[in-house]
Every structure is written in structure tokens, then in C-alpha cells.
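Participant: Dropping the sequence and predicted coords here.
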Amino acid sequence: MTNVIVTMKIMPSSPDSDLKAIEEEAKKEISEFGGEVGKTEQEPIAFGLKALMLYFVMDESLGSTEDLEEKVKKIKDVNSVEVPDVRRAIG
């Protein structure tokens, strides 16, 4: 099967949330799901709030990321999770 590149946007519950701790837990969940995180970024939103952007590769045969999103939502200080982009990897 083909690999896909998934963008996951994690919104913390407050500007004071520990993004590093959220990132580590999310990476663990992604790894257990079968994905491999390649890049992480913090995206400024407003009033000091930053979203955590995780870019990871997974096999297309794993299907939907809904189960993974639900697990990430349960991480302490996570307000919401969305997957705004999924693309097939070329090469």
C-alpha cells in the first residue's frame, strides 16, 4: 500500500498548557497507531495560545485516523484535535 502524510492539529486547553508534554504523549499514541512523526511545529493562534502541529507518515491501509484522534483528545490539557490534511506520499 501507499504511505500518506497526515497533518494533525492539536489545540491545548489554555496558553499555559505544557505543549512539550502534549507533544510527547501524542507522538507515543501516533507510534502505537502505526505512524512515524516527521515534524512538529507550534502555530500561533491568538492571545498567547499556540496549536501543536504534528506531521506524520502512516500506511494508507490503516484507514481512518478517527481512533487515533480520540486517543489524543484524552491527553491531559488537550481541548481539541483535527486532521486538516491527508496526502499521498510520492516517491
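Facilitator: All right, it came through fine.
Participant: contacts, neighbours, all on C-alpha from now
Facilitator: Noted.
Participant: Name the nearest residue to residue 71, sequence neighbours excluded.
Facilitator: residue 29 (7.2 Å; C-alpha to C-alpha, 6 or more residues apart in numbering).
Participant: wait, that neighbour sits on residue 69?
Facilitator: No. Counting by C-alpha atoms under 8 Å, residue 29 sits too far from residue 69 to count as a contact (9.3 Å).
Participant: quick one on the thing from earlier: which residues make contact with the helix or strand harbouring the residue nearest to residue 71 from outside it?
Facilitator: Element membership of residue 29 [criterion: DSSP states H and E] is helix 19-33. Helix 19-33 has contacts (C-alpha atoms under 8 Å, 6 or more residues apart in numbering) with 12, 36, 37, 52, 68, 71, 72, 75, 76, 77, 78.
Participant: average model confidence for the helix or strand hosting residue 87?
Facilitator: Here residue 87 is covered by strand 78-88, with elements defined by DSSP H and E. When pLDDT is averaged over strand 78-88, the result is 97.
Participant: Residues contacting it, please?
Facilitator: Identification of contacts with strand 78-88 by C-alpha under 8 Å, 6+ apart yields 2-13, 22, 69, 72-73.
Participant: that older thread, residue 29 and residue 69: which has the busier surroundings?
Facilitator: Under the criterion of other C-alpha atoms under 10 Å, the comparison of residue 29 against residue 69 puts residue 69 first, with 20 against 17.
Participant: tell me which residues form a beta bridge with the closest residue to the more buried one other than its chain neighbours?
Facilitator: Distances taken as C-alpha to C-alpha, 6+ apart put residue 81 closest to residue 69, at 6.2 Å, once the chain neighbours are dropped. Taking DSSP bridges as the rule, residue 81 bridges to residue 10.
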